[in-house]
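S.K.: predicted structure and sequence below. I'll ask about it afterward.
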Amino acid sequence: KEELGELLKESTPFEKEEVDTTDLLNHVVSFITKYVILTPQQADAIALWVLHTHAFDVAETTPYLSINSPAKRSGKTRLLETLEQVVRSGWTSVGSSVSSLFRTIEMEETDNGITPTLLLDEADAMFKGKKELDDDLRGLINAGHRKGGKITRSVFQGGRWVPQKLSVFAPKAIAGIGKLPDTVTDRSIPIELKRRRSSEPVARFYFREVKEEVEPIVNGLVSWAGENLHRLEDARPDISFITSDRSADGWEPLLAIAELAGSEWSERAKRASMMLSNNEDADDTITIKLLDDIASVFQKVGADRISSSDLIQGLSDMEESPWGDYRGKPITNRHLAKWLKEYGISSHSVRIGDKTPKGFMREDFADAWSRYTPHVSATAQHPESELEPTTEDMFGSADVADGNTPEMQEFELEVADVAVKREVKTEAVEDVVEI
């Protein structure tokens, strides 16, 4: 990382006819993570947001970055300082009056034709101030995430006070200690920082050296925007996996940029959106993905039933999905039960060979698939052969005798189903709840 600046100078990666979006995103990630400790998903989301500030002129909505930490000295201010170097027309504010923020946006747009990127530090103190200040700040945030957003304020003109509409639509990164108000988080991509350990070194941030180091990246960002605004204006990225309208509005411009960079960055952006989105519908977003991936596991198994443990293992093995590393750990039975409960799905005893572990039948998901993931193939919802016995599940374990005739197999399955129903009734009486 310490050699990044020299490498950038030597390679001059953006001195070519057209800037490569993938290279540009990777350079922004490298620059920011040189000075701030971030998770891969946080770094990807921030890099996409940086490019978004340069393509802001064609954006219909803008997601805020909500940068917070439980205590001081966790990197919030340093992250804002690095962002100021690469965002378009960055303007850092600490303790500024809300009226000055209104007027800064309006003045920059009127005088320079450029919407500034507001980088607000110590926002927690602003929200804990006077009620009038708090209300004004909430108004700035509530109206400022969608194109055309304005607030009305009285200004003194011609010897009298007259109402004037002021534009507040602008990219904003808002940093503070502790949980920021729902007004902020509901329209934001959360970047939760932790105080770094001694084993997590970062480079010293010297403003003069950083200015020289980042120059080729900034030049690339400016060139890239000029080349891609028309593409982004017409872009309609896939947001079908996001069920919250507000979350989809925020991520759409970032996903459009990711699609320009190709399939790898598209997957990285989708993963970041699922891992980071922090709003009341976040669980909805991830459970839709869960339903989709469960269908894939059933297809891979090729059976009509699966144990809970094997389902979790199958989900965790999916490299492009978050289940093997959900908030730093693989998902558990508790996660699965919580998410599926929302769709009226719960585990029950299933006959697999000579065992009856807790698990699921394919048909348990049919209603949810048809309602929430209609893109799931008909094969996933309705297999060609119903109730086929499985002699070997996806993990190679089964104790079913070979050589059974189809008639014997059908008879065994009918007996197994009766046994399962009896076991479920017994467990209901005993009030046993497990996954």
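M.R.: Cool, the structure landed. Numbering: from 1, shown residues only.
S.K.: alpha carbons of stretch 136-151, as PDB, please.
M.R.: Only the C-alpha atoms of stretch 136-151 are listed here, as PDB (Å, rounded to 0.1, in the frame of the first residue of the first chain):
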ATOM      1  CA  ASP A 136     -33.600  22.200   9.600                       C
ATOM      2  CA  LEU A 137     -31.000  19.400   9.300                       C
ATOM      3  CA  ARG A 138     -33.600  16.800   9.000                       C
ATOM      4  CA  GLY A 139     -35.300  18.900   6.200                       C
ATOM      5  CA  LEU A 140     -32.000  19.100   4.400                       C
ATOM      6  CA  ILE A 141     -31.600  15.300   4.500                       C
ATOM      7  CA  ASN A 142     -35.300  14.300   3.900                       C
ATOM      8  CA  ALA A 143     -35.500  16.400   0.700                       C
ATOM      9  CA  GLY A 144     -32.000  16.000  -0.500                       C
ATOM     10  CA  HIS A 145     -31.800  12.500  -1.700                       C
ATOM     11  CA  ARG A 146     -34.000  12.800  -4.800                       C
ATOM     12  CA  LYS A 147     -33.600  15.000  -7.900                       C
ATOM     13  CA  GLY A 148     -35.400  18.300  -7.700                       C
ATOM     14  CA  GLY A 149     -35.400  18.200  -3.900                       C
ATOM     15  CA  LYS A 150     -35.800  21.700  -2.500                       C
ATOM     16  CA  ILE A 151     -36.700  23.400   0.800                       C
END
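S.K.: which residues sit against it?
M.R.: 59-64, 98-99, 101-102, 123, 126-127, 165-170, 172, 174, 181, 183-184, 187, 249-250 (CB atoms under 8 Å, 6 or more residues apart in numbering). Glycine gets a C-beta too; all of them are placed from N, C-alpha and C.
S.K.: rerun at 7 Å
M.R.: Surrounding stretch 136-151, the residues in contact under the criterion CB atoms under 7 Å, 6 or more residues apart in numbering are 59-62, 64, 98, 101-102, 126-127, 165-170, 172, 183-184, 187.
S.K.: and what of stretch 99-114?
M.R.: For stretch 99-114, using CB under 7 Å, 6+ apart, the contacting residues are 88-89, 91, 93, 115-116, 118, 140, 151, 153, 166-168, 170.
S.K.: hmm, try it at 6 Å
M.R.: Stretch 99-114 has contacts (CB atoms under 6 Å, 6 or more residues apart in numbering) with 89, 115-116, 166-167, 170.
S.K.: go through it and flag the buried ones.
M.R.: Applying a neighbour-count criterion of 16 or more other CB atoms under 10 Å, one finds 101-102, 104-106, 108-109 buried in stretch 99-114.
S.K.: and if you look at stretch 112-124?
M.R.: By neighbour count on 16+ other CB under 10 Å, the buried set for stretch 112-124 is 115-124.
S.K.: cool, stretch 207-219 as well?
M.R.: 210, 213-214, 216-218.
S.K.: farthest pair within those residues?
M.R.: Greatest spacing in the buried residues of stretch 207-219, by CB to CB: 210 and 216 (12.5 Å).
S.K.: setting aside sequence neighbours, what's the nearest residue to residue 123?
M.R.: Nearest non-adjacent residue to residue 123, counting by CB to CB, 6 or more residues apart in numbering: residue 176, 4.1 Å away.
S.K.: would you say the one you found is within a strand?
M.R.: Yes. Assigned with DSSP: H, G, I helix; E, B strand; the rest coil, residue 176 falls within a strand.
S.K.: grab the nearest non-local neighbour of the residue positioned nearest the centre of the chain.
M.R.: With distances taken as CA atoms, centre = their mean, residue 273 lies nearest the centre of the chain, 1.2 Å away. The shortest distance from residue 273 to any non-neighbouring residue, by CB to CB, 6+ apart, is to residue 251 (4.9 Å).
S.K.: so which strand or helix has the one you found?
M.R.: helix 245-261 (DSSP states H and E).
S.K.: buried ones in that helix?
M.R.: Neighbour counts over helix 245-261 (16+ other CB under 10 Å) mark 246-261 as buried.
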